[in-house]
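Visitor: need coordinates for the following:
(chains A and B)
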Amino acid sequence: MKLDHAHPGRKYLLYATRKRDMEAMHLPFPRDWTRENFNLPPNWKEIVLAKLDEVRHKYRELQLFLDICVACGACEDKCPFFLGTNDPNNMPVARQELLRGVYRRYFTATGKLLGSLAGGLELTEDLIRDWYTYFYQCSQCRRCAVFCPYGIDTAVFTMAAREILTAIGLTPRSLTESIAKCEAVGNHMGMEPAAFLNTIRFAEDEIKEETGIEVHVPINKKGADVLFIAPSADYFGEPHWYTFKGYLKLFHEIGLDYTMSTYASEGGNFGTWLNYEHMKKLNRKIMQEAQRLGVKWILGGECGHMWRVLHAYMGTMNVNPGFLEEPISPITGTRFQIAGHSKTVHICEFTADLIRHQKLRLDPSRNKQYTVTFSDSCNPARFMGLIEEPRYILRNVCPTFVEIDPSVNRERTMCCTAGGGLLADETLKLRLQAIKPKIDAIGETGANFLAFICAIDKAVYPEYLKHYGLKIQVGGVHELVGNALVMT
Amino acid sequence: MIDLLFLIGDVLPYVTLAVFLGGIIIRTWKWLALPVPTKIMIAPAPLTQPQVAVRLGSELLVFRSLMKADWKLWFGGWLFHVLLGVTVLTHVINIFFPSLWVSAGYGWYEAAGYAGILFAGMVAFLLLRRIVQPGVRYVSKPSDYGLLLLLFSVIFLGDYTRNFSGVDVAAVSTYLQGLISFQPTLPPANLAFLTHLLLAQIFLIYLPFSKIVHFVGWVLAPTRNQRNDARARLHMNPWNPTVDIEPWESYAERYRKQLDELGPGGERR
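Guide: Next comes the predicted model:
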């Protein structure tokens, strides 16, 4: 494995958060700063050490992973950012060492005594610069953790480091802009209720034009069975829009009693990538809205990190969602026991169940112009283990389905490299390098339609494919469901 | 000289035992005292506890994840740990059940000797890999090399003691029996044996403060030992913070005009 000791990764730093956004979000040390000049608070060093001490006591996994890594190097060539840049600090173990070295130097006997001989790292402003660089060149995709003999997960380090960086006022604009909008308006796009209504009407009109069938989308409807949550990109972006129409057609066809919400109009959660508190703040809206509307359970659309939160964290953050009921599909009667506590079902689970019970009239030949392949997204695949459901759906709605080489798919899937707050123009060159192994594997399938269940994948892949000269259409699983669905 | 023998052979072993066991127990206890605030299992994660046991078992016995990562490292690492197990086992037999060798046959005794030599070879392989492979070299600290060198010395001296030093095996056995029955006698004054004994003890004393604690810690990794039941069962976070968000009422107040467009009460039914 070739290393580039010039550290090309250091060229890519995310822009700084504006002072007014920091103030609006009540972030520490709101001030003018840039990625060139951090303008750190005078006591930053004490804050960093105090915060590091705090987080290592809050997360057993962090303390454990700080202690047990033997630096065997099993992870060295597993990170797309390393493969794309050859920057040694982008090897997962080296990324961890940026934090672990400080832990050793200031919190272990051997490190205090022997310093760098025992792997200790002096806490300097240059090191903080490296933290801000490399912990924002980790998309928390957790591919490395699949291969680690001890299950060490670099995302644990990345989340801890970002928590610490936030405490000294270092937060990138790519995250805070969206979080601030979501906290204030209800979604990352900053779309107010009138605009939300317009986009829904627009979708209804388009479906009418295409199918002649009038669908009606309830919004803020009290007493509906189901609250439907989707990432805002679905009703805003391309090619997400076609997936969004796919959902609406499906709900209409099966007669689902559901509602969307303007207040909780965002399924995505950029707070996840900043710290626990902001993640919980954004997620809380969904639960509070579900309670206010009096729905029975929550259905979530196609989104990656949204599902990391809904699957892994929501049940923990909202200890007692007792106002909800165990999700039961009103069409098939299936009880989703897997969501018995948090009462939140993934749309692929829901649709796969419909297909299995033959409740949908599907005409796969409507997708016959496509050779479809499916690229797993990090969070659904590695956090949820949601690997078979989307494939089951695709095999039922498309005549031709091909697989991507499993060495970069399924639970080993390569990240789109734009998750974790990296979805910003200033990282584009970096991402284009990092995505190459995955693009090569996608090209080898010969597919002309690339399906995802993640909004960020859908947002970035068209650009990647164009850059690499591949003529492949990008879309969602429920876009293809919508195509094949015979409406009555 | 007798004082030194007494110190290395009869005092230090009890210090070593106390530091080693105490260190490992304190380490483990410190980990266990910390909360695991959320679910962070890595797919394909099992749904039931027996499946978790199977998953952990396959990690322990065949290093399943490492096998996926790098087959050369897997082979080296796995064989190294198997030989470590064999070495620990032969030491136990030597100390507690020396008669086993007689009933098992000389062939087994000889095989154990070759295993010991291969063991040193595997450490040399890991050391060489650390020096030669650029990625691993980049993240290697002096302490990483030091640990492997120490381990190599212990094993090399152990091999030498056993096969070439002409140490009185019966005397070693008597000495060790004395140690474990808390009636220590002086160890045989064989230089190779004494150096092996000393370095092995230094290794064991350092162990709880080093990365070698992975041999306990790996079981505790929530990424591997958690069930994939995050939505099915409540997982408690003891420090779960309460957060304040804007309630619907003030949101509705702010967007009243826009919400009225949706219908009465902001509802589009």
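
Visitor: OK, contacts around the residue nearest the centre of chain A?
Guide: Geometric centre of chain A, nearest residue: A:His305, 2.4 Å, by CA atoms, centre = their mean. Each residue near A:His305 by CB atoms under 8 Å, 6 or more residues apart in numbering or on different chains is listed here: A:Gly268, A:Asn269, A:Thr272, A:Trp273, A:Asn379, A:Gly419, A:Gly420, A:Ile456. In short, each C-beta sits where N, CA and C put it, glycine included.

Visitor: please redo it, this time with the cut-off set to 6 Å
Guide: By CB atoms under 6 Å, 6 or more residues apart in numbering or on different chains, A:His305 lies in contact with A:Thr272, A:Asn379.

Visitor: quick one, helices of the stretch 101-250 of chain B?
Guide: Secondary structure of the stretch 101-250 of chain B (DSSP state H, counting those that start in this stretch): helices at B:106-132, B:134-138, B:142-163, B:169-180, B:191-206, B:214-217, B:222-225, B:248-254.

Visitor: could these be laid out in a markdown table, adding mean pLDDT, mean neighbour count and distance to chain A?
Guide: Formatted as a markdown table, those follow (pLDDT from 0 to 100; neighbours: other CB atoms under 10 Å in any protein chain shown; distance: least, CB to the nearest CB, whole Å):
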| stretch | mean pLDDT | mean neighbour count | distance to chain A |
| --- | --- | --- | --- |
| helix B:106-132 | 95 | 16 | 8 |
| helix B:134-138 | 96 | 18 | 4 |
| helix B:142-163 | 96 | 19 | 5 |
| helix B:169-180 | 90 | 16 | 28 |
| helix B:191-206 | 97 | 19 | 9 |
| helix B:214-217 | 97 | 18 | 4 |
| helix B:222-225 | 97 | 23 | 4 |
| helix B:248-254 | 95 | 15 | 5 |
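
Visitor: does the residue nearest to the centre of chain A count as helix, strand or coil?
Guide: helix (DSSP: H, G, I helix; E, B strand; the rest coil).

Visitor: quick check: it vs A:Leu66, distance?
Guide: Distance, A:His305 to A:Leu66, by CB to CB, to the nearest Å: 25 Å.

Visitor: over to B:Thr195?
Guide: Relative to A:Leu66, and taking CB to CB, B:Thr195 is found at 34 Å.

Visitor: how about A:Met25?
Guide: Going from A:Met25 to A:Leu66 by CB to CB gives 29 Å.

Visitor: likewise for A:Gln288?
Guide: Taken as CB to CB, the span from A:Gln288 to A:Leu66 is 36 Å.

Visitor: what's the answer for A:Phe452, then?
Guide: 34 Å.

Visitor: of the two, who's got more company?
Guide: Between A:Phe452 and A:Leu66, counted using other CB atoms under 10 Å in any protein chain shown, the more crowded position is A:Phe452 (28 against 23).

Visitor: okay, the more buried one and A:Leu470: tell me how far apart.
Guide: Distance from A:Phe452 to A:Leu470, counting by CB to CB: 15 Å.

Visitor: what about residue 14, how many neighbours?
Guide: Since no chain was named, I'll use chain A. Look at A:Leu14: counted by other CB under 10 Å, it has 21 neighbours.

Visitor: if you could check chain B rather than the one you did, that'd help
Guide: If you count neighbours by other CB under 10 Å, B:Tyr14 ends up with 12.

Visitor: host element of the residue lying farthest from the centre of chain A?
Guide: Computed with CA atoms, centre = their mean, the maximum C-alpha offset from the centroid of chain A is found at A:Leu113, amounting to 41.2 Å. Using DSSP states H and E, A:Leu113 falls within helix A:109-114.

Visitor: can you give me the helices in the stretch 251-400 of chain A?
Guide: Remark: helices assigned in the stretch 251-400 of chain A by DSSP H, counting those that start in this stretch are A:276-293, A:304-308, A:314-317, A:347-356, A:378, A:388-397.

Visitor: show me the contacts for B:Gly105.
Guide: Not one residue lies near B:Gly105 by CB under 6 Å, 6+ apart.

Visitor: what sits up against the lowest-mean-pLDDT helix or strand in chain A?
Guide: Within chain A, no helix or strand scores below helix A:173-184, which has a mean of 91 by mean pLDDT, DSSP states H and E. With contacts defined as CB under 6 Å, 6+ apart, helix A:173-184 is touched by A:14-15, A:17, A:21, A:24-25, A:188, A:190, A:266, A:270-271, A:273-274, A:278, A:282, A:421, A:424.

Visitor: buried residues, it. List them.
Guide: Neighbour counts over helix A:173-184 (16 or more other CB atoms under 10 Å in any protein chain shown) mark A:Arg173, A:Ser174, A:Leu175, A:Thr176, A:Glu177, A:Ser178, A:Ile179, A:Ala180, A:Lys181, A:Cys182, A:Glu183 as buried.

Visitor: if I look at the residue nearest to the centre of chain A, how far off is chain B?
Guide: According to CB to the nearest CB, to the nearest Å, A:His305 and chain B sit 14 Å apart.

Visitor: against A:Leu175, how distant is that residue?
Guide: Separation of A:His305 from A:Leu175 (CB to CB): 12 Å.

Visitor: and B:Pro13, by the same measure?
Guide: B:Pro13 is 56 Å from A:Leu175, by CB to CB.

Visitor: what number of residues lie near residue 22?
Guide: No chain specified, so I'll use chain A. Using other CB under 10 Å, A:Met22 has 21 neighbouring residues.

Visitor: not quite, I wanted chain B
Guide: B:Gly22: 11 surrounding residues under other CB under 10 Å.

Visitor: ok, and the closest non-adjacent residue to it?
Guide: B:Pro208 (7.7 Å; CB to CB, 6 or more residues apart in numbering or on different chains).

Visitor: pretty sure B:Tyr138 is touching A:Pro88, no?
Guide: Yes. Between B:Tyr138 and A:Pro88 there is a contact at 4.6 Å, judged by CB atoms under 6 Å.

Visitor: all helices for the stretch 1-150 of chain A, in order.
Guide: Using DSSP H, counting those that start in this stretch, the helices of the stretch 1-150 of chain A run over A:19-24, A:44-58, A:60-68, A:80-85, A:92-107, A:109-114, A:125-134, A:143-147.

Visitor: looking at those helices, which is closest to A:Asn320?
Guide: Nearest to A:Asn320 among the helices of the stretch 1-150 of chain A is helix A:44-58; the distance by CB to CB comes to 21.7 Å.

Visitor: next, name the residue at the spatial heart of chain B.
Guide: Among the residues of chain B, B:Phe215 comes closest to the average C-alpha position under CA atoms, centre = their mean, at 1.3 Å.

Visitor: measure that residue to B:Pro13 for me?
Guide: Remark: distance between B:Phe215 and B:Pro13 (CB to CB) = 21 Å.

Visitor: same question, A:Leu83
Guide: In terms of CB to CB, A:Leu83 sits 49 Å off from B:Pro13.
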